[in-house]
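J.: coords below, sequence missing:
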């Protein structure tokens, strides 16, 4: 069953006080050994550890120092660095690499030395997700990192190993816990929310864990330290959440402004293009219509002028021809009338003019033109 911080039964193991109470004291080193063996399963079985100092200074004056949550040596003298990081650290990988430089440098021997080093294990338990890893969270909540040869993908150096456990990616329920690593990670996630020890935690080592984690077993001084640490962690988280919310709002405002500017520019460009296309189309339609009207009007006028000129020319030619014919007919009629006046008969006139009597009669029947 789950309960909240305000009436918690157990300490929070992700905060500094709870983590160091459970794992960084000589009295509870069995808890740390069990946790480390769960993480290092397949590498070795640690039977004993020796706590070392967790604060390190550089090899030269004024160099930076580093403070680890836990540093210890196993029975073979190999170095084990453990850090619990509860809040987001954008350069946590860089930080863990930096911390490994201290136990490396500290192995240097004055005088003659062949540079042989003891193995180093760096373990990072983080309560956030790496931003550059998007694998399936059900598979890749735990990362093992070594120096590899990029050509053949084989381990190039086996004395430097990094383990990273992303707590938010661990999604198993109590009923799904099988391995010791499952149980330790679940405890790291949920201990302060548990009302009682889950039945699945049957191993004797968890007797010590739940006893040491119970708030009722803290002295007054320890309880005050825990409350102070809890307040500090909550304040830090609130500051982080507020800064994140503010950053998101600023990003949203800036994004909205940039989007508005870009949208306006794109809209202007698209509007100009559409307007140009539409204007060209409308101009083409109106120009065609106006051109058709004006062309028709001009065509009619030009056709009229050309038709008038052609008709006038044709009329003149036809009139000239008709005038000539009329003149010829009039001349023939006057000649016939003159011959008749001199006493010639139609038969004589026929022979004289070479016309048929019917043609002579037709000429005589026509009225003379004025």
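T.: Okay, I see it. All values reported here derive from a predicted model rather than from experimental measurement.
J.: Going along the chain, name the helices of this structure.
T.: 16-23, 29-39, 92-105, 180-190, 205-213, 220-341, 346-353, 357-365 (DSSP state H).
J.: Same list (these) but as CSV, adding mean neighbour count and distance to residue 170.
T.: (Glycine included, C-beta is placed from N, CA and C.) Formatted as CSV, the helices of the chain follow (neighbours: other CB atoms under 10 Å; distance: least, CB to CB, whole Å):
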stretch, mean neighbour count, distance to residue 170
helix 16-23, 21, 17
helix 29-39, 20, 13
helix 92-105, 16, 17
helix 180-190, 20, 5
helix 205-213, 18, 18
helix 220-341, 11, 20
helix 346-353, 14, 139
helix 357-365, 13, 132
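J.: Which among those is found nearest to residue 123?
T.: helix 29-39 (6.0 Å; CB to CB).
J.: now that closest one and helix 16-23, what's the angle there?
T.: Going by axes from the mean of the first three to the mean of the last three CA atoms, to 10 degrees, helix 29-39 is angled at 90 degrees with respect to helix 16-23.
J.: Run through the neighbouring helices and strands of helix 29-39.
T.: Secondary-structure packing of helix 29-39 (3 or more CB pairs under 8 Å, 6 or more residues apart in numbering; DSSP states H and E): helix 16-23, strand 49-51, strand 70-74, strand 79-85, helix 180-190, helix 205-213.
J.: Please convert the ones you listed to CSV, extending it with mean pLDDT and distance to residue 38.
T.: Below are the helices and strands packed on helix 29-39 laid out as CSV (pLDDT from 0 to 100; distance: least, CB to CB, whole Å):
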stretch, mean pLDDT, distance to residue 38
helix 16-23, 94, 12
strand 49-51, 93, 14
strand 70-74, 92, 15
strand 79-85, 94, 13
helix 180-190, 97, 4
helix 205-213, 97, 10
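J.: Of all those, which one is nearest residue 276?
T.: Closest among the helices and strands packed on helix 29-39, once you apply CB to CB, is strand 79-85, at 58.6 Å.
J.: For that closest one, give me every contacting residue.
T.: With contacts defined as CB atoms under 8 Å, 6 or more residues apart in numbering, strand 79-85 is touched by 13-14, 16, 19, 23, 32, 36, 49, 52, 68-74, 92, 96, 99-100, 103, 118-128.
J.: tell me, what residue is most central in the chain?
T.: residue 255 (13.5 Å; CA atoms, centre = their mean).
J.: Quick check: bridge partners of residue 143?
T.: Beta-bridge pairing of residue 143 under DSSP bridges involves residue 164.
J.: That one: how many residues sit nearby?
T.: 14 (other CB atoms under 10 Å).
J.: Who are the contact partners of it?
T.: 133, 162-166.
J.: For stretch 351-370, give the mean pLDDT please.
T.: The average pLDDT within stretch 351-370 is 77.
J.: next one: it to chain centre, how far?
T.: Distance of stretch 351-370 from its chain centroid, counting by CA atoms, centre = their mean, to the nearest Å, is 109 Å.
J.: same question, stretch 166-182
T.: Put simply, stretch 166-182 sits 32 Å off its chain's centre (CA atoms, centre = their mean).
J.: List the buried residues in that stretch.
T.: 166-167, 169-170, 177, 180-182 (16 or more other CB atoms under 10 Å).
J.: swap in stretch 150-161?
T.: 159-161.
J.: now, which of those residues sits nearest residue 234?
T.: Taking CB to CB as the measure, residue 234 lies nearest residue 161 of those, at 34.2 Å.
J.: low-confidence ranges in the stretch 251-370 of the chain?
T.: Of all residues in the stretch 251-370 of the chain, those with pLDDT under 70 make up the ranges 303, 307, 311, 315, 319, 323-324, 327-328, 367-370.
J.: How about the stretch 51-200 of the chain?
T.: In the stretch 51-200 of the chain (pLDDT under 70), the answer is 54-68, 133-139.
J.: and the residue nearest to the centre of the chain, how far is that from residue 342?
T.: Counting by CB to CB, to the nearest Å, the gap from residue 255 to residue 342 is 125 Å.
J.: What of residue 295?
T.: Counting by CB to CB, the separation of residue 295 from residue 342 is 68 Å.
J.: got the contact list for the residue nearest to the centre of the chain?
T.: Counting by CB under 8 Å, 6+ apart, residue 255 touches no other residue.
J.: where does residue 141 fall, phi/psi-wise?
T.: phi -80, psi -20 (degrees, to the nearest 10).
J.: so it makes contact with residue 165?
T.: Yes: using CB atoms under 8 Å, residue 141 is in contact with residue 165, at 6.5 Å.
J.: intersection of neighbour lists for these two?
T.: residue 185.
J.: can you put the helices of the chain in TSV and add distance to residue 81?
T.: TSV is the format used below for the helices of the chain (distance: least, CB to CB, whole Å):
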stretch	distance to residue 81
helix 16-23	13
helix 29-39	11
helix 92-105	6
helix 180-190	17
helix 205-213	22
helix 220-341	22
helix 346-353	149
helix 357-365	143
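J.: do you know which of those helices lies nearest residue 151?
T.: Minimum separation from residue 151 across the helices of the chain (CB to CB) falls at helix 92-105, 22.6 Å.
J.: what's the angle between the closest one and strand 70-74?
T.: Using the same axes, to 10 degrees: helix 92-105 against strand 70-74 is 50 degrees.
J.: got the angle between helix 92-105 and strand 79-85?
T.: For helix 92-105 against strand 79-85, the angle by the same axes, to 10 degrees is 150 degrees.
J.: just checking, what packs against helix 92-105?
T.: strand 55-56, strand 66-67, strand 79-85, strand 120-126, strand 155-166.
J.: Out of those strands, which is closest to residue 282?
T.: The nearest among the helices and strands packed on helix 92-105, by CB to CB, is strand 155-166 at 62.4 Å.
J.: All set now, cheers.
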